[in-house]
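Asks: Sequence plus predicted model, see below.
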Amino acid sequence: MKVTETSIEGVLIFEPRAFEDDRGMFFESFNKDQFDKATNGKYSFVQDNQSVSKKGVLRGLHFQNPPYEQGKLVRVSKGAVIDVAVDIREGSRTYGKHIAVELSEQNRKQLWIPPGFAHGFVVLKEDTAFCYKCTNNYSPDSEGTLRWDDPDLNIHWEAANPIISEKDQIGEEFSTFATQFKLVL
């Protein structure tokens with residue numbers, strides 16, 4: 001599995017090696033030893049989730065506050081998304097910056113988003129299946145949402161009129177956001 005560092009410290013791209021022949025294709029979607037090596041053995045997963053969305057749906061920007069913060073290893077098993085992680089770790093040199101990566105069933109890329117990031121994605125193909133492993137259980141009382149279209153974040157979602165949930169339409173403005181995350185080196 002190829003592991004690539006991104007422009008934001010801690011966010012990694014995993015690219016599994018696929019084996020294809022006339023029967024089809026096989027790839028290892030997760031390997032604990034390789035994940036532990038890339039993340040210094042700091043995380044373990046407790047929950048797997050999957051969503052299926054229509055083309056044009058935008059979900060995010062979500063995060064879980066401490067002590068229920070979540071790291072996520074995300075991928076697409078069918079379809080395609082633009083996946084976005086926003087650094088909300090106070091003291092980080094990339095605080096308020098984001099990374100956007102296309103994840104698809106064709107490129108098989110996976111994005112590791114450690115705790116301390118807001119996360120969202122926009123769906124590029126009909127009936128896209130989005131899968132993610134989480135390092136902590138979901139806690140509704142700890143959930144936070146930043147506005148997906150916040151001008152301070154300046155995210156180019158590649159969707160003209162995205163389909164947004166009511167919760168995501170009323171996310172917090174980044175300019176008034178008080179993070180509970182501190183950069184841990």
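Replies: Structure's in. What do you need?
Asks: which residue of the protein sits farthest from its center?
Replies: Centroid-distance maximum for the chain: Asp22 at 33.1 Å, with C-alpha atoms, centre = their mean.
Asks: Count the residues that sit near Thr176.
Replies: Thr176 has 6 neighbours, counted by other C-beta atoms under 10 Å. All C-beta atoms are positioned from the backbone trio N, CA, C, and that covers glycine.
Asks: bridging residues for the residue nearest the centre of the chain?
Replies: The chain has His119 as the residue nearest its centroid, 4.8 Å off, counting by C-alpha atoms, centre = their mean. Counting by DSSP bridges, His119 forms beta bridges with His62, Ala85.
Asks: what about the protein, any weak spots by pLDDT?
Replies: Within the chain, the segments meeting pLDDT under 70 span 184-185.
Asks: Have a look at it and report its longest helix.
Replies: helix 32-38 (DSSP state H).
Asks: So which elements touch the following helix or strand past that helix?
Replies: Counting by DSSP states H and E, the next helix or strand C-terminal to helix 32-38 is strand 47-53. When contacts are defined as 3 or more C-beta pairs under 8 Å, 6 or more residues apart in numbering; DSSP states H and E, strand 47-53 sits against strand 128-134.
Asks: which residues touch the strand it packs on?
Replies: 30, 45-53, 55, 70-81, 121, 123 (C-beta atoms under 8 Å, 6 or more residues apart in numbering).
Asks: Now that strand: buried residues?
Replies: Neighbour-count burial for strand 128-134, with 16 or more other C-beta atoms under 10 Å as criterion, is recorded at Thr128, Phe130, Cys131, Tyr132, Lys133, Cys134.
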